[in-house]
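[1] Got a predicted model here, sequence first, then my questions.
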Amino acid sequence: MIEFSDVSKIYGNFWAALSDINIKIDQGEFVFVTGPTGAGKTTLLRLIYRDELPTKGIVKVFGHNLTTLRKKIIPELRRQIGIVFQDFKLLYERTAYENLEFSLRVIGIPKSVIKKKISDTMERLGIGHKSDSYPFELSGGEQQKVSLARALIKDPLILLADEPTGNIDPDGAAEILNIFREINYTGTTVIMATHNTKLAKSSRKRCIALDKGNLISDGSI
Ligand SMILES: Nc1ncnc2c1ncn2[C@@H]1O[C@H](COP(=O)(O)OP(=O)(O)OP(=O)(O)O)[C@@H](O)[C@H]1O
Ligand SMILES: [Mg+2]
């Protein structure tokens, strides 16, 4: 479903954010991407949703080579991918509710089901009481949960989560992992980037470890 063949991403003329990466992720897998700051975790995720193209090698998602994928197809690809950004990327002039509403509208979900879907998802993440708040009125952890809700609400085939527990207390982090496990159980491929190796290890899932753009290990730990 996701395949990297000899993928390198070089910024500027020489900075290799990723070097010769070979990985294959099947539908329904739960994978952690770990490594210290600057290891290349975010870059790897950005290549999957075609926010960046590889400098060398091939990235395939759903069988499409993303380098040669026609521009017209990109929105279709992204519709299937829920993304939790490291810096949230919420719309700051819209409330939490409106942020979720917007993401459902753009993928054509009918108005009749939007309201219930939003309230269910917000309740599930424990932020139902914040639906009318603007992002600047929310704590970092609450903003992170809104960004998580926005990704989950699309029922994506792939969930990419970049440091989704970075602003959340340990209990909350465990709770989010549980939600990811449930989502994964229903068939969604979950790829979670984190520098919290302890959290990744304790889950006993596949772990792709990066350091300075190199693949250090890939397997269950
Ligand atoms: N747009 C860019 N232009 C130039 N260099 C970049 C760009 N994006 C990333 N890099 C560099 O590539 C390397 C990998 O960055 P990346 O954001 O993938 O790391 P990361 O593992 O996600 O780190 P963190 O844990 O801090 O989020 C870093 O050295 C970074 O400075
Ligand atoms: Mg990052």
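    Looks like it came in fine. Numbering: from 1, shown residues only. Ligands and ions are numbered 1, 2, ... in the order given.
[2] Taking the centroid of the protein, which residue is nearest it?
    Residue closest to the average C-alpha location in the chain (Cα atoms, centre = their mean): Leu160, at 1.9 Å.
[3] So that one lies in a strand, does it not?
    Yes. The assignment for Leu160 by DSSP: H, G, I helix; E, B strand; the rest coil puts it in a strand.
[4] From Leu44, how far off is it?
    9 Å (Cβ to Cβ, to the nearest Å). Glycine gets a C-beta too; all of them are placed from N, C-alpha and C.
[5] How about Asn184?
    Distance from Asn184 to Leu44, counting by Cβ to Cβ: 19 Å.
[6] report the longest helix in the protein, please.
    With secondary structure taken from DSSP state H, the chain has its longest helix at helix 170-185.
[7] ok and that helix relative to strand 158-162, angle-wise?
    Angle, helix 170-185 to strand 158-162, by axes from the mean of the first three to the mean of the last three Cα atoms, to 10 degrees: 160 degrees.
[8] For helix 170-185, enumerate the helices and strands it packs against.
    Using 3 or more Cβ pairs under 8 Å, 6 or more residues apart in numbering; DSSP states H and E as the contact test, the elements touching helix 170-185 are strand 30-34, helix 140-152, strand 158-162, strand 189-194, helix 197-203.
[9] If we use 10 Å, what do you get?
    strand 30-34, strand 81-84, helix 140-152, strand 158-162, strand 189-194, helix 197-203 (3 or more Cβ pairs under 10 Å, 6 or more residues apart in numbering; DSSP states H and E).
[10] Taking the protein, what residue is nearest to ligand 2?
    Thr42 (3.2 Å; Cβ to the ion).
[11] so Lys56 touches Leu47, yeah?
    No. The pair Lys56 and Leu47 does not pass the contact test of Cβ atoms under 10 Å, sitting 11.6 Å apart.
[12] In terms of neighbours, single out the busier of those two.
    Comparing Lys56 with Leu47 by other Cβ atoms under 10 Å, the one with more neighbours is Leu47, at 24 against 14.
[13] Confirm that one sits in a helix?
    Yes. Assigned with three-state DSSP, Leu47 falls within a helix.
[14] sorry, back to before: list residues touching both of Leu160 and Leu44?
    Overlap between the neighbourhoods of Leu160 and Leu44 consists of Val33, Ile191, Ala193, taking contacts as Cβ atoms under 10 Å, 6 or more residues apart in numbering.
[15] how about the last one, what does it touch?
    If I follow you right, that is Ala193. Ala193 makes contacts with 31-35, 39-45, 84, 86, 160-164, 166, 200, 208, 210, as judged by Cβ under 10 Å, 6+ apart.
[16] Give the PyMOL command for selecting the buried subset of those.
    In PyMOL, the members of these classed as buried (16 or more other Cβ atoms under 10 Å) are selected with the following command:
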select buried, resi 31+32+33+34+35+39+40+41+42+43+44+45+84+86+160+161+162+163+164+166+200+208+210
